[in-house]
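Participant: Sequence and predicted model, in that order:
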Amino acid sequence: MQTLYCYVDGSDNETIESVLVDAFRTLINDWAPFGALLVNHIQERAPGMAPDDLSDWFIGLNLPLRHAGRAQVTQLVLFTKAMARATGRDFVVGISSASGLSEDLVFLDANADETDAVRLSTRLETAPHGA
């Protein structure tokens with residue numbers, strides 16, 4: 001099953017974790033009928049990382065792709081725009097497959113608008129479904 005993901009772009013999230021988690025939790029509660037899931041996961045440190053390197057930290061949501069219609073995309077773009085303004089962070093939206101492959105589709109910031117929603121919807125409509 002393919003999944004739409006939306007995560008904060010970056011790993012230095014310690015000071016804004018609670019703001020992000022609370023906001024995503026609210027959106028996920030609205031999207032509960034669609035199977036949306038909260039993601040708050042820090043990858044284990046890789047052996048070759050320098051002491052001051054940060055592990056990847058995924059904070060955001062996963063939504064089964066089959067439930068990602070235009071209404072959800074528009075709501076997600078507006079949500080990320082507001083969160084970007086509140087946190088000063090950008091967000092990445094993409095698709096991941098059950099096999100673990102993922103593709104970032106768009107990066108959204110405080111200037112996200114309807115054209116981003118249209119662009120994302122178009123990319124989702126043309127994405128291969130399966131895998």
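Facilitator: Structure received.
Participant: contacts and neighbour counts: CA atoms only from here.
Facilitator: Noted.
Participant: Which helix or strand lies directly C-terminal to the top helix by length along the chain?
Facilitator: As far as residue count goes, and with DSSP state H defining each element, the longest helix of the chain is helix 70-87. With elements assigned by DSSP states H and E, the helix or strand that comes after helix 70-87 is strand 91-96.
Participant: other SSEs contacting the longest helix of the chain?
Facilitator: Judged by 3 or more C-alpha pairs under 8 Å, 6 or more residues apart in numbering; DSSP states H and E, helix 70-87 is in contact with strand 102-108, helix 114-126.
Participant: And the first one, what's buried?
Facilitator: In other words, strand 102-108. Leu105, Val106, Phe107, Leu108 (16 or more other C-alpha atoms under 10 Å).
Participant: same thing with the last one?
Facilitator: Using 16+ other C-alpha under 10 Å as the test for burial, helix 114-126 gives Asp116, Ala117, Leu120, Ser121, Leu124.
Participant: can I get these in JSON lines with distance to Leu63 and pLDDT?
Facilitator: Shown next, in JSON lines, are these (distance: C-alpha to C-alpha, whole Å; pLDDT from 0 to 100):
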{"residue": "Asp116", "distance to Leu63": "18", "pLDDT": "94"}
{"residue": "Ala117", "distance to Leu63": "16", "pLDDT": "94"}
{"residue": "Leu120", "distance to Leu63": "14", "pLDDT": "94"}
{"residue": "Ser121", "distance to Leu63": "14", "pLDDT": "93"}
{"residue": "Leu124", "distance to Leu63": "13", "pLDDT": "89"}
